[in-house]
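[1] Give me coordinates for this.
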Amino acid sequence: MSQEHFPAPESGMLLSYFLTVADVPRSRAFYTDVLGGELVLAENPCTVRLANSWIIMNPGGGPTPDKPGITLHPPQDPSTATCFLNIRVADIQAVHEEWSARGAEFVTPPIDRKAEIRCYLRDPDGYLIELGQATGMLRGVYADPPAGRT
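    Next up is the predicted model:
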């Protein structure tokens, strides 16, 4: 394990993202081989440094003393999502091409949404990942409000 890259701040805090996965080796390979992350710890929990963040992965399981009544499991319905990983890049076309060549399967190609160009992909467990590049928002052009809002 690379201690210098392990997400353990000496002061303050940092943010990492925990994923409950069905198959740790499969997910580890996706986040390292496809997305280009750096393996920090192989298991218990698997930890991958991805750019300036960390993805932490472990199998699901039942309640524990620190989370009584809570069971962890990977997504069960690919048509719904309650959260997603948001990755911002400087050149979305280049990253889309690189990750596609490595086996990433995107929901759509990058789409210009005025404020940003974005697209989505899923990891092996079905977690949704947004890949985006700020464009218009850098010039004060922001996203349209969600449907039904003005």
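
[2] Residue 85 and residue 125 touch, don't they?
    No - under the criterion of C-beta atoms under 8 Å, residue 85 makes no contact with residue 125, lying 11.8 Å away. The C-beta positions use only the backbone N, C-alpha and C, and glycine is treated the same way.

[3] how's the protein carved up into domains?
    What automatic domain parsing lists as the domains of the chain is 1-62, 75-142.

[4] quick one: which of those domains is nearest residue 68?
    Evaluated over the domains of the chain, closeness to residue 68 peaks at domain 1-62, with 10.1 Å, by C-beta to C-beta.

[5] pLDDT on that closest one, on average?
    Averaging pLDDT along domain 1-62 gives 91.

[6] Give me the residue at the spatial middle of this structure.
    residue 85 (3.4 Å; C-alpha atoms, centre = their mean).

[7] can the domains of the chain go into TSV with extra columns for distance to residue 68?
    Below are those laid out as TSV (distance: least, C-beta to C-beta, whole Å):
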stretch	distance to residue 68
domain 1-62	10
domain 75-142	21
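
[8] so which of those comes closest to residue 69?
    So among these, domain 1-62 is nearest, using C-beta to C-beta, at 9.5 Å.

[9] mind checking how far that closest one is from the chain centre?
    Here the centre of domain 1-62 is set off from its chain's centre by 11 Å, with C-alpha atoms, centre = their mean, to the nearest Å.

[10] Could you report the separation of the residue nearest to the centre of the chain from residue 51?
    11 Å (C-beta to C-beta, to the nearest Å).

[11] Same check on residue 79?
    29 Å.

[12] Could you check which of the two has the larger neighbour count?
    residue 51 (12 against 6; other C-beta atoms under 10 Å).

[13] Tell me the spacing between the more buried one and residue 5.
    With C-beta to C-beta as the criterion, residue 51 and residue 5 are 12 Å apart.

[14] Over to residue 33?
    Applying C-beta to C-beta to residue 33 and residue 5 gives a distance of 18 Å.

[15] Compare these two and say which is more crowded by neighbours.
    residue 5 (15 against 12).

[16] So the more buried one sits against residue 40, correct?
    Yes - taking contacts as C-beta under 8 Å, residue 5 lies within contact range of residue 40: 5.0 Å.

[17] Now do the shared contacts for these two.
    Residues touching both residue 5 and residue 40 (C-beta atoms under 8 Å, 6 or more residues apart in numbering) are residue 49.
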